[in-house]
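Novice: missing the sequence, but the structure's below:
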């Protein structure tokens, strides 16, 4: 268990890393639910002909897109924390950090659920069978995938809001900044004190910007971890 032993000390560095997440401002997002109360008519989600859950169209579709991803992330971290190996493969400070991330993702999930109201898609069933929750490497590798995917998803979806839905963009910006903090923290757990927290696989060296992915690309990756698959075929593309 050498790998675990090397990460068991609660260091000042680890405490600062946790405080980094604590300042993410999730509480501010939760108080902004009223600002996201307007929805277009006739853009609600419905079961698709291919058996997938259609996210809907317009701004509601984009909000459901974010809601689906937040459901996935919240379910993942809930499973991580609940696993019997959690306290064995992660140090005390790391456990607190991962619990913080779990709490953030649940707030995000409930934020979108409340904002969408009756237009929200159903609760999605997850499939984490490819993840070994007793392995530190497997858990952190999956966390890295989810967090990097989430950042790229928000970056790619922001431009898809309509003029009427521009208020959503500010809220999405607050959430993606939290997701980016998660992504850097997870990468730092994998490679402490390295430049991996903002690796050039996700941040452009020349532009200094995070990458962006379209909903179609993101959902292809997300559906791997979902029993109830979702479709973004009716989402806006520009």
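Specialist: Okay, I see it. Not measured: the values here are computed from a predicted model. Residues are numbered from 1 along each chain as shown.

Novice: check contacts around the one residue sitting closest to the centre of the chain.
Specialist: For the chain, residue 150 is the residue whose C-alpha lies nearest the centre (Cα atoms, centre = their mean; 4.4 Å). Counting by Cβ atoms under 8 Å, 6 or more residues apart in numbering, residue 150 touches 69, 73, 176, 179, 182, 183. C-betas here are computed from N, CA, C, even on glycine.

Novice: Narrow the residues you listed to those in helices?
Specialist: Counting by DSSP state H, these place 69, 73, 176, 179, 182, 183 in helices.

Novice: From those residues, list just the buried residues.
Specialist: For these, a burial check counting by 16 or more other Cβ atoms under 10 Å picks out 69, 73, 176, 179, 182, 183.

Novice: Around the residue nearest to the fifth one when sequence neighbours are not counted, count how many other residues there are.
Specialist: Taking Cβ to Cβ, 6 or more residues apart in numbering, and ignoring the residues beside it in sequence, residue 182 has residue 147 as its nearest neighbour in space, at 4.7 Å. Residue 147 is surrounded by 24 other residues when neighbours are defined as other Cβ atoms under 10 Å.

Novice: which residues sit in contact with residue 147?
Specialist: Residues near residue 147 by Cβ under 8 Å, 6+ apart: 73, 179, 182, 183, 186.

Novice: per-residue confidence for it?
Specialist: On pLDDT, residue 147 comes in at 95.
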